[in-house]
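> Quick one, fold the following:
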Amino acid sequence: MFENLKAFTRKVLTYIGRKITEMVDFFYPPFRNYMSLRLFRYAVTGVSNLVFDWVLYFITFHFLLHKQMLHIGPITFSSHIAAMLLVFPITFTSGFLLQKYVTFSASVIKGRVQIIRYLSVVLANLLINYLGLKLLVDFLFVYPTPSKMIVTFFTVVFSYISQKKFTFRIKKS
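This next block holds a predicted model:
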């Protein structure tokens, strides 16, 4: 039964990935002279997931947490860090699926290896985000949402290189 569900899920995700890829590729021709198709797919899916992350972060920070500290037992998180931690599992999942089934669908590395590698890159990005938000919000007094956007610039460059060369490496034929 579990194997049937796993196979069905894989088929559904592959189908959805193909449909998203077709939509993304439709807009590629004007960019053909400026970037590779893979970079274009990464940019579109990455920006989509990034905007999704920003919107979720904004909603979580302002409306779920009401800009208040989050107390979980003996641990207290500042609202901007709590928002980042709450949004993380959602955008981690959507980002991985977009990269696996749209941007780097030609990778033959096993899915479980990909997700572990993806997690390691994302955790590095999470550390960069944490340190960046701490610096910008707590020490330089920049507003949380613009701070998140600034830090994201640095993580995007690191992430693309890491995902292309490490997580979803594609063997050249």
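> May I see the buried residues of stretch 15-23?
Neighbour counts over stretch 15-23 (16 or more other CB atoms under 10 Å) mark 17, 20-21 as buried. Yep, even glycine has a C-beta here, placed from its N, CA and C like the rest.
> Equivalent analysis for stretch 70-86, please.
70, 77-84, 86.
> which one of those sits closest to Leu127?
Met84 (11.4 Å; CB to CB).
> Packing partners of the helix or strand containing that closest one?
Using DSSP states H and E, Met84 falls within helix 79-98. When contacts are defined as 3 or more CB pairs under 8 Å, 6 or more residues apart in numbering; DSSP states H and E, helix 79-98 sits against helix 2-26, helix 37-59, helix 111-133, helix 144-162.
> Those: which one's closest to Gly95?
helix 37-59 (4.6 Å).
> So which bits of the lowest-mean-pLDDT helix or strand in the chain are buried?
Ranked by mean pLDDT, DSSP states H and E, the weakest helix or strand in the chain is helix 144-162, scoring a mean of 88. Along helix 144-162, these residues count as buried under the neighbour rule (16+ other CB under 10 Å): 144-145, 147-148, 151-152, 155-156, 159-160, 162.
> Pull the residues that contact that helix.
Residues outside helix 144-162 that contact it (CB atoms under 8 Å, 6 or more residues apart in numbering): 39, 42, 46, 50, 53-54, 57-58, 61, 79-80, 83-84, 121-122, 124-125, 128-129, 132-133, 136-137, 142.
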